[in-house]
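[1] Attaching a predicted model along with its sequence, questions to come.
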Amino acid sequence: MTVKLGLVGTGTVGGGCIDILRNHRDDFKRHYGIDVELVRVCSRNPEQAIAHGVEDIFTQDFQDVLNDPDIDVVIELIGGTTVARDVVCGALRAGKHVVTANKALMATYGEEVMRLADEAGKEIAFEASVGGGIPIIDPMKHSLIANRIDSVMGIVNGTTNYMLTRMVEDGLSYDAALKEAQEKGFAEADPTADVDGFDAAAKIAILASIAFNSRVTMGEVHTEGIRNITTMDLDAARDMGYCVKLLAIAHRTDEGVDVRVHPTMLPLSHQLATVNGVFNAIYVVGDAVGETMFFGEGAGAGPAASAVMGDVLEVARHVQQGIAPIVGCTCTDELPIVPMDDLKTKYYIRFKVADRSGVLAAMAGVFAKHNVSVYSVVQRGKKEGGTVDLVYVTHTACEKSVRDVLAEIAELDDILRDEPSLIRVED
Ligand SMILES: NC(=O)C1=CN([C@@H]2O[C@H](COP(=O)(O)OP(=O)(O)OC[C@H]3O[C@@H](n4cnc5c(N)ncnc54)[C@H](OP(=O)(O)O)[C@@H]3O)[C@@H](O)[C@H]2O)C=CC1
Ligand SMILES: N[C@@H](CC=O)C(=O)O
């Protein structure tokens, strides 16, 4: 039996999938007996389809894919939560299996999508939605199923990790580093999703939901990106023996789920400090297995298409063998989200302030008022245009108090000259 595929979205990942199918279709059949055929391809305009040699099966209307009775599996690779939601939900309602790389959709409408799949008795597979080419969802749903998982954390956004690496190692500006990441196909269609942390928030929401059997949506994840991080911060971190990474963190605590995305300073000796460029790494800690780490390329056509096609072939194998979907929604519990205000950690905060007397004393007063104990204050860079950069490192403090400090300093008369950059410090 030939399993018929319909693909919607022919950009970076969709193009990668078409290429894999063209190059390896015969191998899949010879090695594994899995016979798949791409019968319909949909996108907004035909240029990408022509470039990948599939113009003969091209359509601009995704309904042509959903309404084709021959298609067994729909592959959604357009991204976003509007048209993609119609494609995914429509395909499931039409009785088709679905493979998607869409983390925004799964982290926002995951409950609806999983319910539709359960009702239809069809599979919804989304390995590529987290960690690009790294197998992480399937191991968590299968190989690690015997564990109680208490922590999942790591670097899950290739674009920002690539940018931070290029900024540190090659002195690239933020804008130049982002442009490169976009050219390499790492960034989302709207790269603010990467740099503002929303892509990582979606991914950690998906991982936390699976790990803790309790649904976490991306809106529930405290999210900060790297927009305010400058080369001055990266240099300051290095001088202190640290690097800066955009970390996605999910812990099961006695209070519930502590889940957040923010720039974090890590000692250069930390395992995650060596994860550079487009690479991602995800730690998973289970009560039986102990510590595990998953590592690989987190973005780009090849890695993402590898994960998508892995799902497609597994679903196709099930279709051929008549195997019903085994695991549907596993979010059986309802754990509360721990408020970010409760976090206790050390902080690096850089303020660009007016270069005049009295500023340091005024700021010291605010820190003292809120019981945030300062470990060091250092001036960085040159005094320019009547401003100076002050770097504060605190002892362990409460997030709420630090937020109060920032709010009060912002209210001080004509002191702040820019948004402070705030980085949490892990030892
Ligand atoms: N890039 C990566 O490294 C990774 C991406 N992903 C995920 O994969 C998905 C696709 O990403 P990527 O390939 O990078 O995105 P691209 O922007 O490169 O490709 C998106 C494709 O969808 C098409 N499209 C957009 N809107 C519509 C629509 N309304 N109807 C039909 N087609 C449409 C686009 O056409 P047009 O070009 O005309 O806009 C384009 O062909 C996203 O969910 C993303 O989050 C997951 C892992 C890694
Ligand atoms: N934009 C994402 C792509 C993969 O999910 C990233 O940079 O990690």
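    Perfect, thanks for sending it. None of the values given here were measured: they were computed from a predicted structure. Ligands and ions are numbered 1, 2, ... in the order given.

[2] Quick one: residues contacting the residue nearest to Pro420 when sequence neighbours are not counted.
    Spatially, and ignoring its direct neighbours in sequence, Pro420 is nearest to Phe351 (5.0 Å; CB to CB, 6 or more residues apart in numbering). C-beta coordinates here come from the backbone N, C-alpha and C atoms, glycine included. By CB atoms under 8 Å, 6 or more residues apart in numbering, the contact list for Phe351 reads Met363, Asp389, Leu390, Tyr392, Ile409, Leu416, Pro420.

[3] So what sits opposite Phe351 in the bridge?
    Leu390 (DSSP bridges).

[4] Could you list the alpha-carbon positions for the one helix or strand Ala202 maps to in PDB?
    Element membership for Ala202 (DSSP states H and E) is helix 198-212. C-alpha atoms of helix 198-212 as PDB (Å, rounded to 0.1, in the frame of the first residue of the first chain):
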ATOM      1  CA  PHE A 198       8.000  33.500  22.100                       C
ATOM      2  CA  ASP A 199       9.400  30.600  20.000                       C
ATOM      3  CA  ALA A 200      11.300  29.300  23.000                       C
ATOM      4  CA  ALA A 201       8.200  29.900  25.200                       C
ATOM      5  CA  ALA A 202       6.100  27.700  22.800                       C
ATOM      6  CA  LYS A 203       8.700  25.000  22.900                       C
ATOM      7  CA  ILE A 204       9.000  24.900  26.700                       C
ATOM      8  CA  ALA A 205       5.200  24.900  27.000                       C
ATOM      9  CA  ILE A 206       5.100  21.800  24.800                       C
ATOM     10  CA  LEU A 207       7.900  20.100  26.700                       C
ATOM     11  CA  ALA A 208       6.400  21.000  30.100                       C
ATOM     12  CA  SER A 209       3.000  19.700  29.100                       C
ATOM     13  CA  ILE A 210       4.500  16.300  28.100                       C
ATOM     14  CA  ALA A 211       6.900  16.100  31.000                       C
ATOM     15  CA  PHE A 212       4.500  17.000  33.800                       C
END
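
[5] And ligand 2, is it touching that?
    Yes. For a cut-off given as CB under 6 Å from any ligand atom, helix 198-212 has contacts with ligand 2, namely Asp199.

[6] Show me which residues of the chain are close to ligand 2?
    Gly132, Asn157, Gly158, Thr159, Phe186, Ala187, Glu188, Asp194, Asp199, Gly298, Ala299.

[7] In helices, which of those appear?
    Gly158, Thr159, Asp194, Asp199 (DSSP state H).

[8] contacting residues around the residue lying closest to Ile137 once chain neighbours are set aside?
    Spatial nearest neighbour of Ile137, excluding adjacent residues (CB to CB, 6+ apart): Glu127 at 4.9 Å. The contact partners of Glu127, by CB under 8 Å, 6+ apart, come to Pro135, Ile136, Ile137, Asp138, Ala307, Val308, Gly310, Asp311.

[9] Now, of the residues you listed, which are buried?
    Pro135, Ile136, Ile137, Ala307, Val308, Gly310, Asp311 (16 or more other CB atoms under 10 Å).

[10] quick one: the last one is in a strand?
    Read it as Asp311. No. Counting by DSSP: H, G, I helix; E, B strand; the rest coil, Asp311 falls outside a strand, being helix.

[11] Please flag which of the buried ones among the contacts of Glu127 sit within helices.
    Going by DSSP H, the helices hold Ile137, Ala307, Val308, Gly310, Asp311 from the buried ones among the contacts of Glu127.

[12] So for the nearest residue to Leu144 once chain neighbours are set aside, what's the pLDDT?
    Closest residue to Leu144 apart from its sequence neighbours, by CB to CB, 6+ apart: Gly286 at 5.6 Å. Model confidence at Gly286, expressed as pLDDT, equals 98.

[13] burial count for Gly286?
    By other CB atoms under 10 Å, 19 other residues sit near Gly286.

[14] What strands flank the helix or strand bottoming out on mean pLDDT in the chain, and is each parallel or antiparallel?
    One helix or strand of the chain scores below all others by mean pLDDT, DSSP states H and E: strand 374-384, with a mean of 93. Taking DSSP bridges as the criterion, strand 374-384 forms sheet pairs with strand 387-394 (antiparallel).

[15] Need the contact partners of the partner strand.
    232, 236, 240, 346-355, 360, 363, 367, 372-381, 402, 417, 425.
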